[in-house]
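Q: any chance you can model this:
(one chain, ligands or ions: 1)
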Amino acid sequence: MDSLLRSLRPVVRCAVSSLAGVGLALVLAVRPAVAQEAAGVQVRKPRLMLVPEATVNQTSAQQYAQLMKQAAAKGVLNRPPEAVERLRAVAARLIPQGSRFSAEAKGWRWEVNVIDANSVNAFCMPGGKIVVFTGLMNRLRLNDDELAAIVGHEIAHALLEHGRARMSQALLQSVGINFAAAYFGLSGIGASALAQAAEVAITLPYSRGHETDADLVGLELAARAGYDPRAAVEVWRKMAALGGGQPPQFLSTHPGHETRMRAIEEALPRVMPLYEAARRTRIQ
Ligand SMILES: [Zn+2]
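A: Model (predicted):
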């Protein structure tokens, strides 16, 4: 595969990002917590958001279009048709559930595509650009509940603007600008620096905190869409088994496999009522 395809992070790799600057904590603008309801999970959006949402989404859309072009040229875009149909059906149920976490997501130009490659990989870029590799669906033998767990997790990263936060961090680091300049205007920053930051943002693993939050929000999206959120635990069991005798790299990083499954299990009681309500509605 081309370098961009090759460099995309596996969905399951969870190393702590090296970009988190020590001084950044001092200068973060305070953002309100996501509105809470009686049921559902509780998460906060990242606070470091130097790059405007429109810029992030536009840059991501360009990267995504480039990736789709590469995949199409290789004859691996949206094949086989059954996988595309299945993924789009799952995504179509998950996407409308995101409004509690992002008011903007309704206006995004969502795209859902399959790349036929053996890689165990999936992602949702800022602005709702989803890709799932057939390797993920086939090698883990995912049923729809499990596929929803993974796609929900990836959509959660986009809703919580983790890519935007990471791009902001990458931009600060890559161009070495001082914080005040970055905060009060990006006019002096060229398109190439932004593109570079976007590349960093999609190729580096998310931080541990972002992974945990995406797990929680993913559970809720699946539950609200009528997919059994307990499937997330099975997904992680399958991921662990995939490595055979040699554990996959993600298992040796954070959050640890056991910690992650425990956190998911602890959150289940908050989302099971949503799942049961959604199922009742779907059956009627
Ligand atoms: Zn993730």
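
Q: when you work out contacts or count neighbours from here on, use the C-alpha atoms and nothing else.
A: Fine.

Q: longest helix of the chain, counting residues only.
A: helix 257-283 (DSSP state H).

Q: what ranges do the helices span in the stretch 1-150 of the chain?
A: For the stretch 1-150 of the chain, helices defined by DSSP state H, counting those that start in this stretch occupy the ranges 3-7, 53-73, 81-94, 134-139, 144-159.

Q: turn those into TSV, including distance to A231, mean pLDDT and mean neighbour count.
A: Listed next are the helices of the stretch 1-150 of the chain as TSV, based on distance: least, Cα to Cα, whole Å; pLDDT from 0 to 100; neighbours: other Cα atoms under 10 Å:
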stretch	distance to A231	mean pLDDT	mean neighbour count
helix 3-7	28	49	12
helix 53-73	29	92	17
helix 81-94	14	98	17
helix 134-139	14	94	19
helix 144-159	5	97	27
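
Q: need those helices in JSON lines with distance to D215, can you?
A: Output for the helices of the stretch 1-150 of the chain, formatted as JSON lines (distance: least, Cα to Cα, whole Å):
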{"stretch": "helix 3-7", "distance to D215": "23"}
{"stretch": "helix 53-73", "distance to D215": "22"}
{"stretch": "helix 81-94", "distance to D215": "14"}
{"stretch": "helix 134-139", "distance to D215": "17"}
{"stretch": "helix 144-159", "distance to D215": "5"}
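
Q: if we can go back for a sec, show me how far the longest helix of the chain is from its chain's centre.
A: 19 Å (Cα atoms, centre = their mean, to the nearest Å).

Q: in that helix, which residues are buried?
A: Residues 257, 260-261, 263-264, 267-268, 270-272, 274-276, 278-279 are the ones in helix 257-283 that count as buried (16 or more other Cα atoms under 10 Å).

Q: helices or strands up against that helix?
A: helix 208-224, helix 231-242 (3 or more Cα pairs under 8 Å, 6 or more residues apart in numbering; DSSP states H and E).
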